[in-house]
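Novice: Output the structure for:
(3 chains)
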Amino acid sequence: MRVRLILLIVSLLQAVVAVAVIVHSTDETWRDYQLEYYHQAMGRASSPAVKAAIERSGLEIKQEFLVGFGEETRTDRCRTCHMAIEDPNFADGAEPLRSHPPIPEHPFAEFGCTICHEGNGRALTEDYAHGKDEFWPEPLLRGPYIEAACARCHPEPYLEEMPHIRRGRELFDKYACGGCHTLRLISRGKLGPDLTDVGDRFGIPYLDESIRVPKANMPTSIMPLLQVPEQDRIDLVVFLKSQRGRTLVEDPVTLRVTSKQWKEVTPPEVAVSVEAGKDAVARRSCVACHKLGPLDGGIAPDLSYIGRLRNRDYITVHLTDPRAHNTGSPMPSFWMSQSERDAIASYLGTLTDLTIPLSPADQYKLLCSRCHGAEGKGDGVIAEVLLPRPRQFTNRQYFSWLSKGRAIRAIRDGVPGTAMPPFGALLDSTGQEAIFRYVVSTFLADSLRPPTGIRQVPDSNPQVYTESSVASGAAIFALRCYGCHGRMGNGKGPNAPDMLPRPRDLTSAPFFEPISDKRIFESITFGVVGTGMPPWDFLPETQRWDLVNYVRSLSNTGAAAVRHEGERSARQ
Amino acid sequence: MAPLHIDPERSAPPDEGRRRFLTTVTTVTLATAAGAMSLFNMIFLKPRVIYGSSSKVRVGRPNAFPQGSYLDLPAARLMVRRDGNRFAAISTVCTHLGCTVRATDVGFDCPCHGSTYDQQGINMGGPAPKPLAWYRISLTPEGELEVDKSDIVPFNTYLEVAS
Amino acid sequence: MSVHEVVVPQSINENGGLAGFRGIHRRIWNSVFRKPAIPQNELEHSKAVADNFFLHIHSAKVHDRTLKFRTTLGLGLLSFFMFIILVVTGVLLMFYYVPTPAEAYNRMLDLRGAVFFGDILRNLHRWAAHAMVLLVVLHMVRVFLTGAHKAPREFNWCIGVVLLLLTLFMSFTGYLLPWDQLAYWAIVVGTSIAGYAPVVGKSMQFVLLGDYSVGGEALLRFYVLHCVALPAVLLALVGAHFWRIRKDGGLARPHGNEEGDSSNTKATVSHMQPGEAPSFERFPARAGKTYGLMCVVERSSPATKVEPECQVQSWPAALNRELALFVISLLVLSIFALIFKAPLEDPANPLHPPNPAKAPWYFLGLQELVSYDAFWGGIGIPGILVLLALLAPYLEWRKGGEGVWFHRSRSAANWMFLTIMLTLGILTIIGSLFRGVNWQFTVPW
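Specialist: Predicted coordinates for the structure are as follows:
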């Protein structure tokens, strides 16, 4: 009896569920919209024929089967809800019952809706159709962003009716995006991700956020924080969203041919003259990052008096391979001819106009604060993108150990392998001394503790630079050093992002070239006070020397070291 | 646990009437639910959208047709003709072996076996056994002409449109 | 009314015409069912079960213990009901499905909106599939914990293990068919696990996918496997599984008086024939007489002399319970299908793996293991576990504990089994809920 009762109850419940299923399956919003449309259309009907037509109409899913755009076949059922888009009587109607504004040459029956508006043409509820669910890759394009869809069939040169995308294209050049990013047939930057099909891969919010906060989507991004005003950003995003890899008017053959031609083009040659160089600097939007006179991109060093600090060779090499002088430089390698590099170098060489203020405080503000920060915290406007980071003058521990001689040398000769230029070209030895005093007194309050204890460091490397020595150094390195300096020794180990100052890039030849084995050994043995580098004095001395040799091999300065040794012993 | 030797079904109080009532109600409910579910499945099988070409073809607004003009739509295999204020939609599928006939100023010609039809689609010559079919043509609420190819109407059924 | 009563109207020989139609409904009924519409007495009840093709899988009478919910928890039956629901909904869904990369996802979209009842059917199918995997596993756990896999049911247990693997494979092949990101990457991950098998792994993966990567060929192959090949094998094995239940003497029952229920003893004694020695065994190992055709069994069969009162008619007792269970399972599934939508993510895109890319949930325990060691997690450990499962009844060959939950003599085996199952369960939970981006440990709240 109990079983029978249970059976009866669940049967009744099942019947109730069947009713619920009917309600669920017939509760469709589009039915309401269609009824509403017929109701309103009846009121607006002009002739008995139209009235008769309305009376004959039933509720049904309306769909357009669209072929001929690219390789896809699209099914648009938008008209199921948007009944009135072709009905001129509904010009003042409220969505979804509103006539579409007239667009010539785009008959609805042939184009459908989603080719321009995107969204999900097959869906029959607003959330799905307008791509509001998180899983539809192409949500409805609204406002200015709809131009991104126009560009699928109307590529450059853009039509008059597409003002945002036209402006976005100009802004792409203005902000020198092409310096880092590749965009098919537009730019050849290699530093950042390829943007050729960026519009296919990402939605509007993602693109917008990537410009606003580059690190938001990829924490390791080195893209600078460009100060892009909102209107510029919208236009840039419209332009980026239109980049789908291939427009619908290009067939695969055209695509191949144009891409091939584009690849084979060599950079244009220019006259090697100051004028041409000035022109190139303007054309290349160097000030999108650098400072030059009144214009300041706020990302890269000041070029206003670069002629006094760097010679022509340095600039040419820097333009050819920005990582040649400084392995951590974020400067993009531009696609340019040697003549253009020379022209730019000649122009920059003429930029010598600088009045050096008298007081060390003003000198600091003019020369140092862009990198080291007004308060000496190593957080100047461009510090974020520099690698190695500018020294933090408030790091008392570090500066307590740093000898005055080394500090003065750094001011005078610069620090190779970093962005620190040789200020000896601007300041004489008194000036160098003065600015050193200024830094010590202002940021460290003269309270440098003198180094305690005497470091006993042999002058020369007893361990001959041989393959076996390097190999045993490598083994120790893999055990002890990889966490911070990284597997490749490039200072990008797993712990590196949490450390300030950052671990040294050991592959930087410019940095290690002028440095003696003695100093490397010293840093390994005693650590570097004020940084994350701990002392490794518990390692046997021979192992430390093997490490020195291995570090040398990373920056390919090992042979140089051997040569130094040879010269030194010969002198002795 | 029930005593071992007593069947719980049999040991129920002798209330045959109540049991029968229960059984009947249960059976009816279950049958109803099962019937409803089966019905849903039947409706499920009836397509609400189709994946080929639609049977309804929109051919534009009436004023797009000058007096006495005709519009041949080979893809949809039909022709729309305007006579005065009357519109007709005539199939262009030859009644002989299904070739697509060409509309001409005086009627229709079949390219396959030479059948000819007059302007109303009446077979005039060749092997064609009967006249071309006429389709229902009507106005949509938006004011467009729409031909329903699934609805064959008697010969000479026109749509009158007030101009 | 007798079953064999055949109504022959007198008039049929004398004059033809309309007279032939008299009583035709009864003749048609009798030709189909050979019995009255509603069986009235016990003989008719037995006949109704024995004579009906769909019901004769039952014996005419069953032991009352079989019908107790706690004996089986209804898990095997529920698994079978899930299978039936899956077949019905699956066949219906096939009417709208096209197994090509270009169309598959579109058809999912259409089922979601443009097909009447399509979303409910898809939800039902999806949730029933998940439920079936879960129920089959629970059924296995139940069988082991009640010792029902022991002799003489060892081979039926093995069939059951194969059925479990088939169920998993069915679900896995079905997982790909929506062709969304979820499906695509789950299959990429799942089939790569297969690729780790020694020697044959790569070729197995190649044969399964019909290509070196998951694409249109894989979709077609999975479709055929999911809709034709696997269900056919599964159905045949389910038949064998059921058939053997009866051949092996019905559900596993305790020997003698293992259940420790004193009422049994009394009952047996009270129905003793005069002069017979009292039997304290509820299920004597050797019966003097078996239940004949109504219950063909060879061993451990209920003895007639002590047993008849423990037996109840399958019709209506068993059938009512089964029907109730079926309606309950359908009811729960329908409510589930109404409330929870089957997931459908963005269309499959081989260029953009989601992070993390996860296999179907029942393989996440394996994926978790694979994240430690590809070979051992993907092939080694699961292979050993399946082998262990197949050998379990042969390893645990001593008699005792059959049909009793957590029997004391089997506690070692039970604990071992439970530990393995719980470990797998915990790994699955970790894999599904506690693994985030880059398979790193995350907390779901």
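Novice: now check the helix ranked longest in chain B, is it near chain A?
Specialist: Using DSSP state H to define each element, chain B has its longest helix at helix B:16-45. Yes - applying CB under 8 Å from any CB of the partner chain, one finds helix B:16-45 touching chain A at B:Arg19, B:Leu22, B:Thr23, B:Val25, B:Thr26, B:Thr29, B:Leu30, B:Thr32, B:Ala33, B:Ala36, B:Met37, B:Phe40. Using the backbone N, CA and C atoms, a C-beta is placed for each residue, glycine as well.
Novice: I'd like to know which of these are buried.
Specialist: Among these, those scoring as buried are B:Leu22, B:Thr23, B:Thr26, B:Thr29, B:Leu30, B:Ala33, B:Ala36, B:Met37, B:Phe40 (criterion: 16 or more other CB atoms under 10 Å in any protein chain shown).
Novice: filter the residues you listed down to the ones near chain C?
Specialist: B:Leu30, B:Phe40.
Novice: could the buried ones among the residues of helix B:16-45 next to chain A go into CSV alongside pLDDT and distance to C:Leu138?
Specialist: What follows is those, written out as CSV (pLDDT from 0 to 100; distance: CB to CB, whole Å):
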residue, pLDDT, distance to C:Leu138
B:Leu22, 85, 31
B:Thr23, 85, 32
B:Thr26, 89, 28
B:Thr29, 90, 29
B:Leu30, 90, 27
B:Ala33, 90, 27
B:Ala36, 90, 31
B:Met37, 89, 27
B:Phe40, 90, 30
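Novice: And the buried ones among the residues of helix B:16-45 next to chain A, which is closest to chain C?
Specialist: B:Phe40 (4.5 Å; CB to the nearest CB).
Novice: can you pull the contacts of the nearest residue to C:Asp346 once chain neighbours are set aside?
Specialist: Setting aside the residues directly before and after it, C:Asp346 is nearest to A:Phe135 in space (CB to CB, 6 or more residues apart in numbering or on different chains), at 4.5 Å. By CB atoms under 8 Å, 6 or more residues apart in numbering or on different chains, A:Phe135 lies in contact with C:Asp180, C:Gln181, C:Leu344, C:Glu345, C:Asp346.
Novice: Where does A:Phe135 fall, secondary structure wise?
Specialist: Per DSSP states H and E: A:Phe135 is located in neither a helix nor a strand.
Novice: so how many other residues sit close to residue 405?
Specialist: Let's take chain A. Neighbour count for A:Gly405, taken as other CB atoms under 10 Å in any protein chain shown: 8.
Novice: other chain: chain C
Specialist: C:Trp405: 13 neighbours (other CB under 10 Å).
Novice: Can you pull the phi and psi angles for it?
Specialist: phi -70, psi 130 (degrees, to the nearest 10).
Novice: Do I have it right that it meets C:Ala148?
Specialist: No - at 10.2 Å, C:Trp405 does not count as touching C:Ala148 under the criterion of CB atoms under 8 Å.
Novice: what's the offset of the biggest strand by length in chain B from the middle of its chain?
Specialist: Longest strand in chain B by number of residues, with DSSP state E as the criterion: strand B:145-153. Relative to the centre of its chain, strand B:145-153 is centred 9 Å away, using CA atoms, centre = their mean, to the nearest Å.
Novice: tell me what it is packed against?
Specialist: Applying 3 or more CB pairs under 8 Å, 6 or more residues apart in numbering or on different chains; DSSP states H and E, we find strand B:145-153 packed against strand B:56-60, strand B:78-83, strand B:86-91, strand B:134-139.
Novice: could you dump the ones you listed to TSV with mean neighbour count and distance to chain C?
Specialist: Converted to TSV, these look like this (neighbours: other CB atoms under 10 Å in any protein chain shown; distance: least, CB to the nearest CB, whole Å):
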stretch	mean neighbour count	distance to chain C
strand B:56-60	18	17
strand B:78-83	22	26
strand B:86-91	22	28
strand B:134-139	21	25
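Novice: out of the ones you listed, nearest to A:Tyr38?
Specialist: Proximity to A:Tyr38 (CB to CB) singles out strand B:134-139 among these, at 14.0 Å.
Novice: what's in contact with that closest one?
Specialist: Outside strand B:134-139, the residues that reach it (CB under 8 Å, 6+ apart) are A:49-50, A:52-53, A:56, B:62, B:78, B:80, B:87-91, B:121, B:145-149, B:151-157, B:159, B:161.
Novice: Show the contacting residues for residue 162.
Specialist: Going with chain A. Per CB under 8 Å, 6+ apart, neighbours of A:Met162: A:Glu147, A:Cys150, A:Ala151, A:His154.
Novice: sorry, should have said chain C
Specialist: For C:Val162, the contact set (CB under 8 Å, 6+ apart) comprises C:Leu237.
Novice: can you confirm it is in a helix?
Specialist: Yes - judged by DSSP: H, G, I helix; E, B strand; the rest coil, C:Val162 forms part of a helix.
Novice: what about it, distance to C:Val136?
Specialist: Per CB to CB, to the nearest Å, C:Val162 is found 11 Å from C:Val136.
Novice: Chain A contacts on chain B?
Specialist: So chain B meets chain A at B:12, B:19, B:22-23, B:25-26, B:29-30, B:32-33, B:36-37, B:40, B:48-49, B:51-54, B:58, B:138-144, B:160-162 (CB under 8 Å from any CB).
Novice: what does chain C give?
Specialist: Neighbours of chain A within chain C, by CB under 8 Å from any CB: C:106, C:109-110, C:112-114, C:116-117, C:119-120, C:180-181, C:317, C:320-321, C:323-324, C:327-328, C:330-331, C:334-335, C:338, C:344-347, C:349, C:352.
Novice: one more time with 6 Å, if that's ok
Specialist: Contact residues (CB under 6 Å from any CB of the partner chain) of chain C with chain A: C:109, C:113-114, C:116-117, C:120, C:320-321, C:324, C:327-328, C:331, C:334, C:338, C:345-346.
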